[in-house]
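Engineer: quick one, what's the 3D model for this:
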Amino acid sequence: APFWAKRLQSDGIPAKFVRMGILPGYCDSGSSYENRQIKFGFCGTVHEHRALAFNKLKQINIDIEIHPPNLRYKDYLSYLQKVKIFFHDESEIPWNINNELISRSTSCWIKSVEVASRGTFCIRNFHDEGHAYNLSKIPLIKCYENLYEIPNIINEIESISTKSRRDLQIESVEQIRKQYDWYETAHTLVTGDYSLKC
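Structural biologist: So this is what the prediction gives:
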């Protein structure tokens, strides 16, 4: 995210932020929300900071079905299309780098975009760094300032009409496909030209 590019620059290391992305061929809206088997899911390593967030959610009666991170990528993409709402939280326990506390939420935004690229709603904690990933144009990604806002976000998703939810799936996936951020990343690495916007 931009935070890390600026940090490298401040250390005298040439750096420029470009978004990570999803190859257009992997973008697929999949089944409608109603036809997905897993209501609340997460696939990945349950580090201590994530476990803290999941435990807080359990206390407010939101149980996340956790799949271990042992899937091949193709299987992971298939898994995402079984999930209605994917949870991803990086708000707990900041990194301590040279005695400076840095929020983990400055990172991992590509995970949310990857989830949305499969037609899956993604709820994750807000951070300004998320703006760099064009979230305002990807309505399947919903951000919260506080974990206790999540029930209202779930209610909002479930109150949307079937057709409107399907439209959000298609709109989000098409936006991610159109952005083709990996192309911009490759272009920047090869040419050093940061001006291209897909």
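Engineer: centroid-nearest residue for the chain?
Structural biologist: With distances taken as C-alpha atoms, centre = their mean, S112 lies nearest the centre of the chain, 0.9 Å away.
Engineer: helix/strand/coil for that residue?
Structural biologist: helix (DSSP: H, G, I helix; E, B strand; the rest coil).
Engineer: if we ignore the residues flanking it in sequence, what's nearest it?
Structural biologist: C122 (4.6 Å; C-beta to C-beta, 6 or more residues apart in numbering). In short, each C-beta sits where N, CA and C put it, glycine included.
Engineer: how near is the one you found to G130?
Structural biologist: Applying C-beta to C-beta, to the nearest Å, one obtains 11 Å for the distance of C122 from G130.
Engineer: do you know the pLDDT at Y183?
Structural biologist: The confidence metric pLDDT takes the value 83 at Y183.
Engineer: rewinding a little: A helix includes the residue nearest to S112, no?
Structural biologist: No. With three-state DSSP as the criterion, C122 is assigned strand and is not in a helix.
Engineer: list the residues that contact it.
Structural biologist: I85, F86, F87, H88, S112, V115, A116, L140, I141, K142 (C-beta atoms under 8 Å, 6 or more residues apart in numbering).
Engineer: report pLDDT for it.
Structural biologist: With respect to pLDDT, C122 scores 98.
Engineer: quick check: bridge partners of it?
Structural biologist: F86, I141 (DSSP bridges).
Engineer: list the residues that contact the closest residue to E114 other than its chain neighbours.
Structural biologist: Among residues not flanking E114 along the chain, I22 sits closest, at 5.8 Å (C-beta to C-beta, 6+ apart). Applying C-beta under 8 Å, 6+ apart, we find I22 in contact with V113, E114, S117, I176, R177, D181, W182.
Engineer: among those residues, who's most crowded?
Structural biologist: S117 (29 neighbours; other C-beta atoms under 10 Å).
Engineer: that one and P24 touch, don't they?
Structural biologist: No. In this structure, S117 is not within contact of P24 by C-beta atoms under 8 Å, at 9.3 Å.
Engineer: what is the rounded mean pLDDT of the strand or helix carrying I157?
Structural biologist: Element membership of I157 [criterion: DSSP states H and E] is helix 150-159. Helix 150-159 shows a mean pLDDT of 97 in the predicted model.
Engineer: flag every buried residue along it.
Structural biologist: Residues I150, I154, I157 are the ones in helix 150-159 that count as buried (16 or more other C-beta atoms under 10 Å).
Engineer: how about the nearest residue to the last one, chain neighbours excluded?
Structural biologist: Nearest in space to I157, with sequence neighbours left out and distances taken as C-beta to C-beta, 6+ apart, is F121 at 5.8 Å.
Engineer: how many other residues sit next to that neighbour?
Structural biologist: 25.
Engineer: that concludes my questions; thank you for your assistance.
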